[in-house]
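Undergrad: could you work out the structure for the sequence below:
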Amino acid sequence: MIEVLSTTALATVQDFGRFGSLGYGVGTSGAMDHLALALGNLMLGNPEGAAAIEIPMFTFEVRFVQDCAFAVSGAACDASLDGQPLPPYWVAQAREGQVLSLGYPTSGSRAYLCLAGGVDVPSVLGSRSTQLRGEFGGLHGRALQQGDRIAALRPGVSKLPSDFGVVSPSHALPLLCDGVPAMRVLPAAEYDCFLDESRAAFWAGEWKITTQSNRYGYRLEGAPILPKAPMEIRSHGIVPGVIQVPHGGQPIIQMRDAQPSGGYPKFGTVIEADLWRLGQAPIGSKVRFVECSYAEAVAALEDNQRYLVQVRRLVDLHRLASH
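TA: Residues are numbered from 1 along each chain as shown. You can find the predicted model right below:
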């Protein structure tokens, strides 16, 4: 069990997300960086999608109320346990009374605190993820507050090895365009309805993630994407990754807390394999987009899976060597 010491806003419990309820108006929620969540859980011997604490704002501190193994993944955030530095993507054993501190990131924007067995909160509609708009899931359907206590499903001194780390996704799966972090995008239904020069500018330009961005959607700032003619579209189903273009021409990318439907034209979709990259892009930073095909999108998912398989094998070898 841990106790939240910091008052930093917007830390929430998240797992891989809530699926099968879009038809009822319930979005998926879930971790903004699925790879970071999976890696933290793999290091602890948890299921890849076990619930953890997603931390998008720093500093963040917790005290371990009882012994518990933990891992910190995601943003490189100057982590320390009782003042002793911990490298990024690292698993450790905490003792009762020790304090874990996460400082401001030097890269990335979201850290994940994974606990042995996963975070123990009730499952709602098949997921422990927090749905802030609906105020359910996670811990009482809200962001964590100072004084909150959160249990682990497998507390105590871990029988599995600790004090080791793995290579981060940003190093194992780099993707840059002219030195700027990039994401691959599939053109969507209304793509051909936009001006040729607007489409070219989307791929060629840099896009700033504005301060209006959050878990619901990332609002971008750049050369306006303009239609060939005015478009009026009925509301339709949308999912995380969909790039919609309002009348002003500044796109919005739907993120993990996106509502299940919307009526803006769809320009493209950030592929599932690259949504973690966008989830780690800091507010105010710039990103680029690379056009890809459906086959390339599937291949990118397979690359992610191969990376996770390699990490799982390395963790298994570490455990064998420790016995």
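Undergrad: per-residue confidence for Leu160?
TA: Looking at Leu160, its pLDDT stands at 84.
Undergrad: show me where this structure has its helices.
TA: 34-44, 169-172, 196-204, 275-279, 294-322 (DSSP state H).
Undergrad: and the first one, what does it pack onto?
TA: The helices and strands touching helix 34-44, judged by 3 or more CB pairs under 8 Å, 6 or more residues apart in numbering; DSSP states H and E, are strand 52-55, strand 68-76, strand 90-94, strand 107-115, helix 169-172, helix 275-279, helix 294-322. (Each C-beta comes from the backbone N, C-alpha and C, glycine too.)
Undergrad: cool, and the fourth one?
TA: For helix 275-279, the contact count by 3+ CB pairs under 8 Å, 6+ apart identifies helix 34-44, strand 180-187 as packing neighbours.
Undergrad: let me have the helices and strands packed on helix 34-44 in TSV, extended by mean pLDDT and mean neighbour count.
TA: Converted to TSV, the helices and strands packed on helix 34-44 look like this (pLDDT from 0 to 100; neighbours: other CB atoms under 10 Å):
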stretch	mean pLDDT	mean neighbour count
strand 52-55	97	28
strand 68-76	96	27
strand 90-94	96	23
strand 107-115	96	25
helix 169-172	94	18
helix 275-279	97	23
helix 294-322	92	14
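Undergrad: how does the chain divide into domains?
TA: Following automatic domain parsing, one gets these domains for the chain: 2-171, 176-292.
Undergrad: tell me how far the longest one lies from the chain's centre.
TA: Centroid separation between domain 2-171 and its chain, computed with CA atoms, centre = their mean, to the nearest Å, is 11 Å.
Undergrad: returning to that earlier point: any chance of TSV for the helices of the chain, columns distance to Gln131?
TA: Putting the helices of the chain into TSV (distance: least, CB to CB, whole Å) gives the following:
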stretch	distance to Gln131
helix 34-44	17
helix 169-172	26
helix 196-204	31
helix 275-279	17
helix 294-322	25
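Undergrad: Leu144 is nearest to which of those?
TA: Nearest of the helices of the chain to Leu144, taken as CB to CB: helix 34-44 at 16.3 Å.
Undergrad: now do the same contact list for Ser235.
TA: Contact analysis of Ser235 by CB atoms under 8 Å, 6 or more residues apart in numbering lists Ser261, Gly262, Gly263.
Undergrad: would a markdown table of the helices and strands packed on helix 34-44 with distance to Tyr218 be doable?
TA: A markdown table is the format used below for the helices and strands packed on helix 34-44 (distance: least, CB to CB, whole Å):
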| stretch | distance to Tyr218 |
| --- | --- |
| strand 52-55 | 16 |
| strand 68-76 | 16 |
| strand 90-94 | 28 |
| strand 107-115 | 11 |
| helix 169-172 | 18 |
| helix 275-279 | 7 |
| helix 294-322 | 19 |
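Undergrad: among those, which is nearest Asp192?
TA: Minimum separation from Asp192 across the helices and strands packed on helix 34-44 (CB to CB) falls at helix 294-322, 16.3 Å.
Undergrad: and the angle from the closest one to strand 90-94?
TA: 40 degrees (axes from the mean of the first three to the mean of the last three CA atoms, to 10 degrees).
Undergrad: distance from helix 294-322 to the middle of the chain?
TA: 18 Å.
Undergrad: of the contacts of Ser235, buried ones?
TA: Buried members of these, scored by 16 or more other CB atoms under 10 Å, are Gly262.
Undergrad: from the contacts of Ser235, which land in strands?
TA: Those of the contacts of Ser235 mapping onto strands are Ser261, Gly262, per DSSP state E.
Undergrad: what are the ranges of the strands in the stretch 151-300 of the chain?
TA: 164-165, 176-177, 180-187, 207-209, 217-221, 236-237, 242-244, 252-254, 261-262, 266-270, 286-291 (DSSP state E, counting those that start in this stretch).
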